[in-house]
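**Q** Sharing a model prediction with you, sequence too.
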Amino acid sequence: MKLAALISGGKDSSFAIYKALQEGHKVTDLLTIISANEDSYMFHSANIQLTELISQACEIPLTRQLSAGEKEKELLDLKKAISSVEVDGVAVGAIESEYQASRVRNICDELGLEMYAPLWHREPLGLLREMIPLMDIRMVKVAAAGMDESWLGRIFGEHMIRDLLALNRKYRVHIAGEGGEYESLVLDAPFYKKKIHLLETQNIWMGDHGIMKVVQAELKEK
């Protein structure tokens, strides 16, 4: 199947691309929604500008669609982006969010496309443990009880999993961050031809949540 992949730069959308390629699909296009609303119900915004660098890293063309980020109205922007490419389906990294999945599914149905969601209803802990050996994942946004500024920039590994499990037990933080508790950035993946190297970052902390802003980054040979 010829797929366009919705990509934010985070682990879930990136891993969905990996799974699609592993299963023999062709990912011919990347689609990114640039939302003016940081609290969008549909789209991540942390370091979204780096999707351009990710496109270069994996040599898959990127279509960027601007959106005001108004609830429900932003779906028209998504539909416009999907309509701009010639594909058989759309790959998404949704795990448990029925809100996101149902709306992408409805758009795909309207356009006569398949929705490819390889992570849907996967067990979060097992999913993280499958991702971590394959991708270089960094924590770039946190907004959950028990997470402070020290989480920003952390590399995903077994030690982080233990810390996430502790927060899950104490505060019910979702292991995979599906409820918006955190956002991630993938610097390298099996389908990247080059890897992303961070040159300058800035932590911005706002009392109970924060973001690691990537100020400058470049591609390096693997």
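**A** Structure's in. What do you need?

**Q** And residue 1, how close does it get to residue 173?
**A** 35 Å (Cβ to Cβ, to the nearest Å). (C-beta placed from N, C-alpha, C; glycine too.)

**Q** Just want to know which of those two has more residues nearby.
**A** residue 173 (22 against 15; other Cβ atoms under 10 Å).

**Q** What about the nearest residue to that one once chain neighbours are set aside, how many residues nearby?
**A** Spatial nearest neighbour of residue 173, excluding adjacent residues (Cβ to Cβ, 6 or more residues apart in numbering): residue 167 at 4.1 Å. Residue 167 has 19 neighbours, counted by other Cβ under 10 Å.

**Q** and if you look at residue 110?
**A** Neighbour number of residue 110 under other Cβ under 10 Å is 11.

**Q** Mind checking what secondary structure it has?
**A** helix (DSSP: H, G, I helix; E, B strand; the rest coil).

**Q** quick one: the closest residue to it other than its chain neighbours from residue 149, how far?
**A** Distances taken as Cβ to Cβ, 6+ apart put residue 79 closest to residue 110, at 7.3 Å, once the chain neighbours are dropped. Computed as Cβ to Cβ, the residue 79 to residue 149 distance reads 38 Å.

**Q** And for residue 207?
**A** To residue 149, residue 207 is 10 Å away according to Cβ to Cβ.

**Q** Same check on residue 180?
**A** Distance from residue 180 to residue 149, by Cβ to Cβ: 18 Å.

**Q** I'd guess residue 137 is in a strand, am I close?
**A** Yes. The assignment for residue 137 (three-state DSSP) places it in a strand.

**Q** Could you give the number of residues near it?
**A** So residue 137, with other Cβ under 10 Å, has 24 neighbours.

**Q** my read: it touches residue 186, true?
**A** Yes. Residue 137 is in contact with residue 186 according to Cβ atoms under 8 Å; the separation is 5.6 Å.

**Q** Overlap in contacts, those two.
**A** residue 11 (Cβ atoms under 8 Å, 6 or more residues apart in numbering).

**Q** For the closest residue to residue 202 other than its chain neighbours, pull up the helix or strand it's in.
**A** Nearest non-adjacent residue to residue 202, counting by Cβ to Cβ, 6+ apart: residue 213, 4.7 Å away. In the assignment (DSSP states H and E), residue 213 maps to strand 210-221.

**Q** which strands and helices sit next to that strand?
**A** Applying 3 or more Cβ pairs under 8 Å, 6 or more residues apart in numbering; DSSP states H and E, one finds that strand 210-221 contacts helix 51-58, strand 136-142, strand 194-205.
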